[in-house]
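Trainee: let me see the structure of the following:
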Amino acid sequence: MKNLSKKAAANIKKLLAAQNKTPETLAYEIGMSKSFMYDFLNGKSDISLHNLQKIADGLEVKAFELLK
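Mentor: The predicted structure follows:
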């Protein structure tokens, strides 16, 4: 599961940069705490499928795109 989390975090970071969004902005938009978002993106916590879907929705991509 750690590898999937790392892939998802890397893809989320790329999408955030491409969309000129910060992790804080995305967290606010989807109702997630910014501390959780930063912890996940920095490999300090794993993520549930539910939260992965919320992030995908906020970035306007399919959830599976985050795991490629």
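
Trainee: can you tell me the closest non-neighbouring residue to L4?
Mentor: L67 (5.8 Å; C-beta to C-beta, 6 or more residues apart in numbering). Glycine gets a C-beta too; all of them are placed from N, C-alpha and C.

Trainee: nope, I47 is what I meant
Mentor: F40 (5.2 Å).

Trainee: burial of that neighbour, as a residue count?
Mentor: 22 (other C-beta atoms under 10 Å).

Trainee: do the same with the one 5 residues further on
Mentor: Counted with other C-beta under 10 Å, the burial measure for S45 works out to 13 neighbours.

Trainee: now it: closest residue in space, sequence neighbours ignored.
Mentor: D39 (4.3 Å).

Trainee: wait, that neighbour sits on I47?
Mentor: No. With contact defined as C-beta atoms under 8 Å, D39 does not reach I47; the gap is 9.5 Å.
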